[in-house]
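A.B. asks: give the three-dimensional model of this entry:
(chains A and B)
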Amino acid sequence: QKEVEQDPGPLSVPEGAIVSLNCTYSNSAFQYFMWYRQYSRKGPELLMYTYSSGNKEDGRFTAQVDKSSKYISLFIRDSQPSDSATYLCARVSVGSSASKIIFGSGTRLSIRP
Amino acid sequence: DAGVTQSPTHLIKTRGQHVTLRCSPISGHKSVSWYQQVLGQGPQFIFQYYEKEERGRGNFPDRFSARQFPNYSSELNVNALLLGDSALYLCASSPDRATNEKLFFGSGTQLSVL
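C.D. replies: I've put the predicted structure just below:
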């Protein structure tokens, strides 16, 4: 079982729709969760970072963590064509001498004008 | 300010060859991490270097090695290339070894092994 699982998509929605992206994780020992956005031929860009259950909002983006069900969600309101990208959920695995980020496989999102 | 810069952007090698990838972190960042991203997958952690010392290693064979220089730039070396090493290699920098919310990625080096 992968440590972080995502539906690979692709997911296609019309402009202005609310987008819901979801991940599940298997290890409850780690507490830091992130969402990254990756455009084609670019590196990942951090969108949201959270270390607790509940919601965190930043503009049109809301990250939600439900630790009881090991579920992570990202909501995008008023979606724009520029939101078309691959979205990666991730969590931090804190080792004895370094931090490393464990990524899901990503969900490809396309916003139709 | 310049972001994380990586060179080259694209590289084509044949099986058995050796490759060196280079990374310059954001000015002031002392930690550099390397990730491998195979097509259709998320990035996978290879190494973290901080203050010129290896601070973490992922599940990669000994053919993969890296180092960090006094100016905090870094090189990733891969020996005896295999077809399965074809991937996007990403470098990321952060101010210190544990500030993951300030981790910035470069655009990567696309390596193709033929």
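A.B. asks: only C-alpha atoms for contact and neighbour calcs from this point on.
C.D. replies: Noted.
A.B. asks: ignoring the adjacent residues along the chain, who's closest to B:T14?
C.D. replies: Counting by CA to CA, 6 or more residues apart in numbering or on different chains, B:T14 lies nearest to B:L114, which is 4.7 Å off, once chain neighbours are set aside.
A.B. asks: any part of stretch A:52-64 near chain B?
C.D. replies: No. Judged by CA under 8 Å from any CA of the partner chain, stretch A:52-64 makes no contact with chain B; its nearest approach is 14.1 Å.
A.B. asks: pLDDT on that stretch, on average?
C.D. replies: Per-residue pLDDT values across stretch A:52-64 average out to 89.
A.B. asks: low-confidence stretches in the chain?
C.D. replies: All of this refers to chain A. Applying pLDDT under 70 to chain A flags the ranges A:1-2, A:28-31, A:94-98.
A.B. asks: chain B is the one I meant
C.D. replies: Across chain B, the ranges flagged by pLDDT under 70 are B:1, B:97-101.
A.B. asks: with adjacent residues omitted, what lies nearest to the residue most central in space within it?
C.D. replies: Central residue of chain B (CA atoms, centre = their mean): B:W34, 3.1 Å from the mean position. Nearest residue to B:W34, sequence neighbours excluded (CA to CA, 6+ apart): B:C91, at 4.6 Å.
A.B. asks: residues touching stretch A:5-18, excluding its own?
C.D. replies: Residues outside stretch A:5-18 that contact it (CA atoms under 8 Å, 6 or more residues apart in numbering or on different chains) are A:19, A:22-25, A:75-81, A:89, A:104-113.
A.B. asks: that one: end-to-end distance?
C.D. replies: 21 Å (CA to CA, to the nearest Å).
A.B. asks: give me the buried positions along it.
C.D. replies: For stretch A:5-18, burial by neighbour count (16 or more other CA atoms under 10 Å in any protein chain shown) applies to A:E5, A:Q6, A:P8, A:L11, A:V13, A:E15.
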